[in-house]
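Participant: from the sequence below, what's the structure:
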Amino acid sequence: MTDDRIPICRFGIECGAGWLPFIEKCFVAVQEAVDAGVQVKVFQIKQKLGALCFYVEDLPEERGSAAHDKMRQEIVVQENAASRCCEECGLEGQNIHASMFVRSYCPACLKALFPDRF
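Facilitator: Next comes the predicted model:
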């Protein structure tokens, strides 16, 4: 049973497949925190303004523990790494203002997705 009030249950992962390796590393960090006793759940995963946003919901009393801090640090590392890669294919990319959104694309994906503009 899923809780449709939680965006991850309603919308799934809201970004391209090129960022899946970064998302997987975030999930590994979450699992390690859970294994260490941290109560946390993944709330939402999406692209926002050309960056990966991996949101977790945790308890205030968990914050500051070594396992919690390690998880948060790894999530930030992966979010930053993803923002330098193409959201579609995972190759080196850059933030592009396209179709009223900021997205991270490599030149090849940008040309394939927007052949008339770039």
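Participant: ok, residue 31 to residue 16 distance?
Facilitator: 23 Å (CB to CB, to the nearest Å). Where C-beta positions appear, they are placed from N, C-alpha and C, glycine not excepted.
Participant: what about these two, which has more around it?
Facilitator: residue 16 (19 against 12; other CB atoms under 10 Å).
Participant: which non-adjacent residue is nearest that one?
Facilitator: residue 87 (3.8 Å; CB to CB, 6 or more residues apart in numbering).
Participant: pLDDT below threshold where in this structure?
Facilitator: 1-7, 98-99, 118 (pLDDT under 70).
Participant: all the helices of this structure, residue numbers only.
Facilitator: Taking DSSP state H, the helices of the chain run over residues 7-11, 20-35, 66-82, 107-113.
Participant: tell me which of these lies nearest to residue 53.
Facilitator: Closest approach to residue 53 among those (CB to CB): helix 66-82, 6.8 Å.
Participant: can you name every helix or strand that the closest one contacts?
Facilitator: Under the contact criterion of 3 or more CB pairs under 8 Å, 6 or more residues apart in numbering; DSSP states H and E, helix 66-82 touches helix 20-35, strand 51-58.
Participant: deepest in the core, which of the ones you listed is it.
Facilitator: Comparing those on average neighbours per residue, with mean count of other CB atoms under 10 Å, the densest one is strand 51-58 at a mean of 18.
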